[in-house]
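**Student:** Got a predicted structure plus its sequence, pasted below:
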Amino acid sequence: MTRMLNDDTLDHLTQVVRDDSPDDPRYRIIRRIGQGGMGTVFLAEDVALGRPVALKVIRDGLLDQQTTERLSREARIIARLEHPGIVPVHDIGTLADGRVYYVMKWVRGRRLDEHFDSIAGLPERLRVFQRICEAVAFAHAHQVIHRDLKPQNVMVGQFGEVMVLDWGLAKTAPHSATHVPPIPAPQDQLQIPNTHETAHGTILGTPGYMSPEQAKGEVNRIDKRSDVYALGGVLYYLLTGEAPQADARSGSGGARSFTPRRRNRAIPRRLNAICLKALSFDPEQRYAGAAELAADVVRFLDGQAVLAHHEVPLERLGRWTWRYRTPILLIAAYLIMRALLAVWMRP
Amino acid sequence: MDHDTEIGGRQERFPLTRVSIIDAVRSDDPSSRERAWELLVAAYWKPIYKHIRMKWGASNEQAKDWTQGFFASAMEKPFLERYAVEKAGFRTYLRVCADGYVANERKAAGRAKRGGDLRFVSLNFDDADAEFSRGLSVAADEEVYFDRECARGLMERAIETFRAACEQSDKRTRFALFERYDLSSAENGQRSTYDQLAAEFNLSVTQVTNYLAWSRRGFRQCVLDVLRELTANDEEFREEARRILGIVS
């Protein structure tokens, strides 16, 4: 027989239902620190080791097979990517209510979009970008594509360390060394298929940073160059303080709408070209991977010619002059001094 | 293995997500459709009955007739075919349809009574009448009142689901503890201590703590599962979770 609930009991049960804090004896929840599309992140204390950790658990009300598998895949992908620019995973588990969680290092810092104003000067911004590219390049070398790169998924730590977060949409090549096998499950438990492939037509990502092929749901065309496009969006953000606005799905606005120099004329042409190359609608026109993009940014920082920009002789001369400005200035000063001395010594 | 002495672990999950009954009601399979209608009526008849009594000032008999008539009419007409999830939540749609039905019935007062063929579910109007007469959840706003009654119905169904799951997995002690601490104590306003419960159930205090934590998680999942069943898609599910349970996701 159905029980009749009075108002006090109803209020009490509503409170019980609202409390979704993970309850695990090893981790004491301190507070909620973030929420993404798939999971909620809590600051917790690892009771056994006495250290703060970040605990990510499937978001309230999303307990389904797909999300469960996606979160556990995210943890296993990160665990295989040991790199200073990728937050390490310490532990993975399942709560008694069936929700999967994983535990990672707690990074004290701020998201790139929150930290943006604190980064002074173009060279420093480009160095942050270079570190992002290096972390992504490492993932690419392990056949992992992030698929959701954006300033909100980059953390800048207290000591300037840069970490790429939220690998929830990451895709691995089916036969790569990093291929993530399914979790072995007991026979009496729900079997979760290894859905490493997102169905064709499914759109995953963030508008503004999502490549055209991703925005159209052309999952089979997504590869490292899709991440390059997103990195181009991050570079655009670092140069202008805004996300690229053109509709990547339709290609409306064209590449011109991505031109950082239209926002800020002080941006050097070569850097502008790097950004545009990364943000090309055609993947063939982009850099082959994050490593190639990072290399071109380093070339720019070193005052060398960049692959993205074909220089006319005058530009080459200007760049060469700027690159060797110190010795040129010294030689010029020396020659001027000699000339002045010659004039002064003239009888 | 003695299931009542084990806590946590992967094998202790409850069955996952159910199919939305709103989709099932539109199914081509007659048995699925009939089952879905049973569930739909079971979930909503009481909130609709109380809503009719509150909003329309109907007597018990009148509200009974209109409630049964409304659901019978909904089954006959292409009621759910007209439902568009992007326009409104299902509960709101149901309430608006019920109001429309009652308004029509009042106009055609001489119409023959309907609902006599509503055989697929037993509706205990005496209980509903008693609850309404006790003035549970008095609210000036009819929408707030309807939300609260739906939340009450949801919790009642989730308790039954949780009870069945506990019995099926031989965890009766845990359900008994949950019933004693979270249901009965809240009802009579005198909550037992864990020490008292430990003595009463012949358990250690640690076991009581663990069992209650387990039960609350299980109950929580049952509530969300039932709610998911009653909503058309993920967006509506989240909106309903926020609106009637206060869960922000």
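**Tutor:** Looks like it came in fine.

**Student:** before we move on, what SS does the most centrally placed residue in chain A have?
**Tutor:** With distances taken as CA atoms, centre = their mean, residue A:149 lies nearest the centre of chain A, 3.6 Å away. Here residue A:149 is recorded as coil under DSSP: H, G, I helix; E, B strand; the rest coil.

**Student:** so which strand or helix has the residue nearest to it when sequence neighbours are not counted?
**Tutor:** Using CB to CB, 6 or more residues apart in numbering or on different chains and skipping residues adjacent in sequence, the residue nearest residue A:149 is residue A:230, 3.7 Å away. For glycine as for every other residue, the C-beta is placed from the backbone atoms N, C-alpha and C. Residue A:230 belongs to helix A:224-240 when elements are defined using DSSP states H and E.

**Student:** what about residue A:58, distance to residue B:64?
**Tutor:** Going from residue A:58 to residue B:64 by CB to CB, to the nearest Å gives 43 Å.

**Student:** hmm, back to that, assess the claim that the residue nearest to residue A:149 and residue A:210 are in contact.
**Tutor:** Yes. When contacts are counted by CB atoms under 8 Å, residue A:230 is listed as touching residue A:210 (7.1 Å).

**Student:** Between these two, tell me which one has more neighbours.
**Tutor:** Ranked by neighbour count (other CB atoms under 10 Å in any protein chain shown), residue A:230 and residue A:210 place residue A:230 first, with 28 against 24.

**Student:** buried ones in whichever strand or helix holds residue B:147?
**Tutor:** Under the criterion of DSSP H and E, residue B:147 resides in helix B:142-168. Residues of helix B:142-168 classed as buried: B:145-163, B:165-166 (neighbour count, 16 or more other CB atoms under 10 Å in any protein chain shown).

**Student:** Do you know the pLDDT at the residue nearest the centre of chain B?
**Tutor:** Centroid-nearest residue in chain B, with CA atoms, centre = their mean: residue B:154, separated by 2.6 Å. Per-residue confidence (pLDDT) for residue B:154: 90.

**Student:** again, but for residue B:244
**Tutor:** 76.

**Student:** thought it was touching residue B:154?
**Tutor:** Yes. Contact status for residue B:244 versus residue B:154: in contact at 7.0 Å, counting by CB under 8 Å.

**Student:** Can you pull the poorly scored residue ranges out of chain B?
**Tutor:** B:1-19, B:80-81, B:85-86, B:109-123, B:134-140, B:185-189, B:247-249 (pLDDT under 70).

**Student:** on that earlier part again, just the C-alphas of the helix holding residue A:230, formatted as PDB.
**Tutor:** The C-alpha trace of helix A:224-240 is given here as PDB (Å, rounded to 0.1, in the frame of the first residue of the first chain):
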ATOM      1  CA  LYS A 224      44.300  16.400 -34.700                       C
ATOM      2  CA  ARG A 225      43.600  19.300 -37.000                       C
ATOM      3  CA  SER A 226      40.200  19.800 -35.300                       C
ATOM      4  CA  ASP A 227      42.200  20.500 -32.100                       C
ATOM      5  CA  VAL A 228      44.400  22.800 -34.100                       C
ATOM      6  CA  TYR A 229      41.300  24.800 -35.000                       C
ATOM      7  CA  ALA A 230      40.300  25.100 -31.400                       C
ATOM      8  CA  LEU A 231      43.900  26.100 -30.500                       C
ATOM      9  CA  GLY A 232      43.600  28.800 -33.100                       C
ATOM     10  CA  GLY A 233      40.500  30.000 -31.200                       C
ATOM     11  CA  VAL A 234      42.400  30.100 -28.000                       C
ATOM     12  CA  LEU A 235      45.200  32.000 -29.700                       C
ATOM     13  CA  TYR A 236      42.600  34.400 -31.100                       C
ATOM     14  CA  TYR A 237      41.200  34.800 -27.500                       C
ATOM     15  CA  LEU A 238      44.700  35.500 -26.200                       C
ATOM     16  CA  LEU A 239      45.300  38.100 -28.800                       C
ATOM     17  CA  THR A 240      42.000  39.900 -28.700                       C
END
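
**Student:** Check the offset of the very next helix or strand once past it from the chain's centre.
**Tutor:** Sequence order places helix A:260-263 as the next helix or strand after helix A:224-240, per DSSP H and E. Here helix A:260-263 is found 23 Å from its chain centre; the criterion is CA atoms, centre = their mean, to the nearest Å.

**Student:** Mind listing residues that contact the very next helix or strand once past helix A:260-263?
**Tutor:** Where DSSP H and E defines the elements, the next helix or strand beyond helix A:260-263 is helix A:269-278. When contacts are defined by CB atoms under 8 Å, 6 or more residues apart in numbering or on different chains, helix A:269-278 is touched by residues A:122, A:126, A:228-229, A:231-232, A:235-236, A:239, A:255, A:258-261, A:285-287, A:293, A:296-297, A:300, A:305-309, A:311, A:315, A:319.

**Student:** List only buried entries from these.
**Tutor:** Neighbour-count burial (16+ other CB under 10 Å) applied to the contacts of helix A:269-278 gives A:122, A:126, A:228-229, A:231-232, A:235-236, A:239, A:258-261, A:286-287, A:293, A:296-297, A:300, A:305-306, A:308-309, A:311, A:319.

**Student:** check the residues you listed against chain B, which are close?
**Tutor:** For chain B, no contacts are drawn from the buried ones among the contacts of helix A:269-278 by CB under 8 Å from any CB of the partner chain.

**Student:** who touches the residue nearest to the centre of chain B in this structure?
**Tutor:** B:43, B:223, B:226, B:227, B:230, B:244.

**Student:** near chain A, from these?
**Tutor:** Within the contacts of residue B:154, those near chain A by CB under 8 Å from any CB are residue B:223.

**Student:** Among the contacts of residue B:154, which lie within strands?
**Tutor:** Assigned to strands by DSSP state E, none of those qualify.

**Student:** And the contacts of residue B:154, which is closest to chain A?
**Tutor:** residue B:223 (5.0 Å; CB to the nearest CB).

**Student:** which stretches of the stretch 51-200 of chain A form helices?
**Tutor:** A:65-80, A:112-115, A:122-141 (DSSP state H, counting those that start in this stretch).

**Student:** Compare the mean pLDDT across those and name the weakest.
**Tutor:** helix A:65-80 - the lowest mean pLDDT of the helices of the stretch 51-200 of chain A, at a mean of 84.

**Student:** Centre of the chain to that one, how far?
**Tutor:** That offset, for helix A:65-80, works out to 17 Å (CA atoms, centre = their mean).

**Student:** next one: stretch A:121-137
**Tutor:** 11 Å.

**Student:** Next: stretch A:160-170.
**Tutor:** With CA atoms, centre = their mean, you get 5 Å for stretch A:160-170.

**Student:** Let me see the residues that make contact with that stretch.
**Tutor:** A:36-39, A:70-71, A:73-74, A:77-78, A:81, A:84-87, A:107, A:109, A:128, A:131-132, A:135-136, A:139, A:144-149, A:153-157, A:204-205.

**Student:** likewise stretch B:46-63?
**Tutor:** B:64, B:66-67, B:70-71, B:94-95, B:98-99, B:102, B:106, B:123, B:125, B:128-129, B:131-132, B:142, B:145-146, B:149-150, B:152-153.

**Student:** Drop the exposed ones from these and show what's left.
**Tutor:** The buried subset of these - by 16+ other CB under 10 Å - is B:64, B:66-67, B:70-71, B:94-95, B:98-99, B:102, B:123, B:125, B:128-129, B:131-132, B:145-146, B:149-150, B:152-153.

**Student:** ok, and of the residues you listed, which contact chain A?
**Tutor:** B:131, B:152.

**Student:** Tally up the residues packed near the nearest residue to residue A:240 once chain neighbours are set aside, please.
**Tutor:** Ranked by CB to CB, 6+ apart and with sequence neighbours excluded, the top spatial neighbour of residue A:240 is residue A:263, at 4.2 Å. Residue A:263: 14 surrounding residues under other CB under 10 Å.

**Student:** which residues does residue 88 contact?
**Tutor:** Picking chain A for this. Residue A:88 neighbours (CB under 8 Å, 6+ apart): A:78, A:79, A:82, A:104, A:105.

**Student:** meant chain B, my bad for not saying
**Tutor:** Contact analysis of residue B:88 by CB under 8 Å, 6+ apart lists residue B:96.

**Student:** Understood, closing this out.
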